[in-house]
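Participant: any chance you can model this:
(4 chains)
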Protein chains: 2
Amino acid sequence: MSPKRALTRNQALVLQTLTASEEPLSAYAILDRLRDDGFRAPLQVYRALDALLQTGLVHRLDSLKAFVACAHPHEHADEAMVAFAICESCGRVWEFSDSKIEDRFAAWAAAEDFVTKTTTFEISGLCAACRKAQGPAGPGV
Amino acid sequence: MSPKRALTRNQALVLQTLTASEEPLSAYAILDRLRDDGFRAPLQVYRALDALLQTGLVHRLDSLKAFVACAHPHEHADEAMVAFAICESCGRVWEFSDSKIEDRFAAWAAAEDFVTKTTTFEISGLCAACRKAQGPAGPGV
DNA sequence: ACTCCAATGTTATATCATAACATCTCTTGC
DNA sequence: GCAAGAGATGTTATGATATAACATTGGAGT
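Facilitator: Numbers count the residues shown, from 1 in each chain, chains lettered A, B, ... in the order given. The predicted structure follows:
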């Protein structure tokens, strides 16, 4: 979809920041981490994010209002349906896709004559490591 | 999940507003429509929405930052995975669920030992009516 | 009538995102 | 080399979404 341009300096900095982070970051969190690199205003972050979202190098998690580096930057070009599992406790994100789910949804869309443009598929919960750490009783919240 | 309480006045007003609307509404759009009923501050809307979301009478569409009345208020108690198809053109929302998709996702979760709490599944695109209205060439954007 | 508790009202503020316009920095053609 | 154009960047201001903190009200049960 996008003609694979080299990243600009700002885009590279934002992408590095997201790649280095264990968890998704909000635009303002990214801004804070890039103050020393000369970032002063949210727009600098949002503009870089827009470009990175276009090329599929970054995803936005609507349910968190935050951004993550794509785990598989080569494979999908913003076209495939990607799902995200987000651990509420540690914040880590698992990215996966399932062609059977895709087919199944495509069947619904065909039946309703609906043309899909974008998908948002996000699951919140607790990952295995966090549940073990918190013990069998589970966390209060 | 929630002990089925009667709605308060504010909750009833917010729910009526959403039910009467053809499209999802932002909290501030709801506020504007309820000025004549004495609503003055966003918090009045957000508090009512919180209660309605708890009981499953309303859904939040993260991709739109907006809210819709649930199409099937009786069936699911916030537990089932519900998907939303949203027409970019007319704003209408189709709500559906598919047990095969649910099973398929459950299989992934079991394999990864991930415990699901909440799901966000939203698809944006164009509905049949809007595509017909705009002609076979489709819209510019 | 009194007490308690939930709902409500009100003000202020936090957080997320974009509009509008000035400036810089390459590249390209000359 | 240098002017012109295009894209990227910087900067200020503002819009849009959401919540914190605390005062007030109103009804259920006694």
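Participant: hmm, residue A:48 is touching residue A:13, no?
Facilitator: Yes - taking C-beta atoms under 8 Å as the contact criterion, residue A:48 and residue A:13 are neighbours in contact, 7.3 Å apart. Heads up, the C-betas are built off the backbone N, CA and C, glycines and all.
Participant: between those two, who's got more neighbours?
Facilitator: Remark: of residue A:48 and residue A:13, residue A:48 carries more neighbours, 25 against 20, as counted by other C-beta atoms under 10 Å in any protein chain shown.
Participant: any idea how far that one is from residue A:15?
Facilitator: Taking C-beta to C-beta, to the nearest Å as the measure, residue A:48 falls 8 Å from residue A:15.
Participant: same check on residue A:42?
Facilitator: In terms of C-beta to C-beta, residue A:42 sits 17 Å off from residue A:15.
Participant: of the two, which one has the most company?
Facilitator: Relative neighbour count places residue A:15 above the other of residue A:42 and residue A:15, with 22 against 12, counting by other C-beta under 10 Å.
Participant: so what does the host helix or strand of the more buried one touch, helix or strand wise?
Facilitator: In this structure, residue A:15 is located in helix A:9-20 according to DSSP states H and E. Applying 3 or more C-beta pairs under 8 Å, 6 or more residues apart in numbering or on different chains; DSSP states H and E, we find helix A:9-20 packed against helix A:27-33, helix A:42-54, strand A:58-61, strand A:66-69.
Participant: angle of that helix against helix A:42-54?
Facilitator: 70 degrees (axes from the mean of the first three to the mean of the last three C-alpha atoms, to 10 degrees).
Participant: alpha carbons of helix A:9-20, in PDB - could you do that?
Facilitator: The C-alpha atoms that make up helix A:9-20 are tabulated as PDB, following Å, rounded to 0.1, in the frame of the first residue of the first chain:
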ATOM      1  CA  ARG A   9      14.700  11.100  11.800                       C
ATOM      2  CA  ASN A  10      11.500  11.700  13.900                       C
ATOM      3  CA  GLN A  11       9.900   8.500  12.600                       C
ATOM      4  CA  ALA A  12      12.900   6.500  13.500                       C
ATOM      5  CA  LEU A  13      13.100   7.900  17.000                       C
ATOM      6  CA  VAL A  14       9.500   7.200  17.700                       C
ATOM      7  CA  LEU A  15       9.700   3.700  16.300                       C
ATOM      8  CA  GLN A  16      12.800   3.000  18.400                       C
ATOM      9  CA  THR A  17      11.100   4.300  21.500                       C
ATOM     10  CA  LEU A  18       8.100   2.000  20.900                       C
ATOM     11  CA  THR A  19      10.300  -1.000  20.000                       C
ATOM     12  CA  ALA A  20      12.400  -0.500  23.200                       C
END
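Participant: secondary structure element holding residue A:95?
Facilitator: When secondary structure is defined by DSSP H and E, residue A:95 falls within strand A:93-96.
Participant: in chain A, which residue is closest to the centre?
Facilitator: With distances taken as C-alpha atoms, centre = their mean, the residue of chain A nearest its centroid is residue A:59 (3.2 Å).
Participant: beta-bridge partners for that residue, please?
Facilitator: Note on residue A:59: beta-bridge partners by DSSP bridges are residue A:68.
Participant: OK, contacts around it?
Facilitator: A:53, A:67, A:68, A:70, A:82, A:84, A:95 (C-beta atoms under 8 Å, 6 or more residues apart in numbering or on different chains).
Participant: I'd like the distance between the closest residue to the fifth one other than its chain neighbours and DNA strand C.
Facilitator: Once flanking residues are discounted, residue A:82 sits nearest to residue A:97: 5.1 Å by C-beta to C-beta, 6 or more residues apart in numbering or on different chains. Taking C-beta to the nearest atom of the strand, to the nearest Å as the measure, residue A:97 falls 23 Å from DNA strand C.
Participant: how about residue A:52?
Facilitator: Taking C-beta to the nearest atom of the strand, one finds residue A:52 at 13 Å from DNA strand C.
Participant: how many neighbouring residues does that residue have?
Facilitator: Neighbours around residue A:52, by other C-beta under 10 Å: 24.
Participant: understood, closing this out.
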